[in-house]
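coords below, sequence missing:
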């Protein structure tokens, strides 16, 4: 067994009804809170309930509801200005990954010179001036409630990148499955598959450990078992709880191991084509990814395949690993995510530019089989263009 480290500073409040603790949790970290949501969620009774709860805890709250999917540098700037105007000393991100990531980036930009884009993972690190962050997840996929990552899109550059630093781990995360029962089917599917990918790619990652393997396998199992149930009945609280826990486990995985090639490509897709949801971009790459990679990670692919199809327990690792590619295809079809890049309105003549952008983030270098050139990446993308 190889040596490993594991770090997770976020206090997790998991379970139905835990949203009622929002005011008490926020109050531990400050007396002036900026609540960060998207516009759609920002106009719901839930938000009024949360704001009331925070105020009853003696915390002054201002509400920024300008988050958009794949939050942009402009969005973060507006949120930081709201935080400064309110003199916020704590930021609460409530929503899906976009709102939680935006809250992290706002906590940086509101307290540092320049913009959040100046503090990306390959630039200068944010400091301990960063405002404390609380996260409340309303989807089951991004894992952002327990990670040190904030993804931002620079629309002018058609680039999507991330702040990656322990300083932006949320101080506390509230994961309440009751907040997820009204999620639309498409969002349930794409975020659920995102959690699957986080877990599986961590399971493949060179920085994985026995601890990560334990969490990843359980997360994969929970998604395989509960995503079809949640799609069949969105109000199924047992299924929603299973997905919420899978999402959290998968977030813990990527916080301590990481992701591989599909995520780097997915970030490039959403950076160039912001209308594409992250989980959908992953679904578009996975059929070719599994076939490209499985021979280089037979044990992990066999393990994943046996979760999706227990009948593969009778097969050798080699046979189960090879068949796992078909099992992933079947799973994508069953949850309505059998799509190619053409379906996502990616212009075919822009595939060379997308191939180049897919090699910007270092995730591909952690794949068990590593793409060696733009030409090889282009060929990979062509294999994902039509379904």
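Looks like it arrived, so ask away. The shown structure was predicted, so the numbers you read here are calculated from the model rather than taken from an experiment. Numbers count the residues shown, from 1 in each chain.

separation between residue 112 and residue 213?
Going from residue 112 to residue 213 by Cβ to Cβ, to the nearest Å gives 37 Å. Placement of C-beta: from N, CA and C, glycine included.

Tell me, how many residues neighbour the residue nearest to residue 158 when sequence neighbours are not counted?
The shortest distance from residue 158 to any residue other than its chain neighbours is 4.8 Å, reached at residue 272 (Cβ to Cβ, 6 or more residues apart in numbering). The number of residues packed around residue 272, counting by other Cβ atoms under 10 Å, is 20.

cool, the one 3 residues further on as well?
Using other Cβ under 10 Å, the number of residues around residue 275 comes to 10.

what domains does the record give for the protein?
Taking automatic domain parsing as the reference, the chain has its domains at 11-180, 185-382.

Pull out the buried residues from stretch 354-372.
Within stretch 354-372, the residues that qualify as buried are 354-355, 357-361, 363-364, 366-369, 371, counting by 16 or more other Cβ atoms under 10 Å.

Show me the helices in the stretch 201-350 of the chain, by range?
For the stretch 201-350 of the chain, applying DSSP state H, counting those that start in this stretch gives helices covering 210-232, 237-256, 261-272, 278-293, 298-308, 317-334.

wait, the stretch 1-150 of the chain
Assigned helices in the stretch 1-150 of the chain, in chain order: 22-27, 39-42, 45-56, 73-86, 97-109 (criterion: DSSP H, counting those that start in this stretch).

among those helices, where is the model least confident on average?
In terms of mean pLDDT, the lowest-scoring of the helices of the stretch 1-150 of the chain is helix 39-42 (a mean of 89).

Flag every buried residue along that one.
In helix 39-42, residues buried by neighbour count (16+ other Cβ under 10 Å) are 41-42.

Which other helices and strands does it contact?
strand 60-67 (3 or more Cβ pairs under 8 Å, 6 or more residues apart in numbering; DSSP states H and E).

Could you tell me which other helices and strands the strand it packs on packs against?
In this structure, strand 60-67 makes packing contacts with strand 32-38, helix 39-42, helix 45-56, helix 73-86, helix 97-109, judged by 3+ Cβ pairs under 8 Å, 6+ apart.

Highest mean neighbour count out of those?
Of all the helices and strands packed on strand 60-67, helix 97-109 has the most neighbours on average by mean count of other Cβ atoms under 10 Å, namely a mean of 31.

how far does it sit from the chain's center?
Using Cα atoms, centre = their mean, to the nearest Å, the mean C-alpha position of helix 97-109 is found 13 Å from that of the whole chain.
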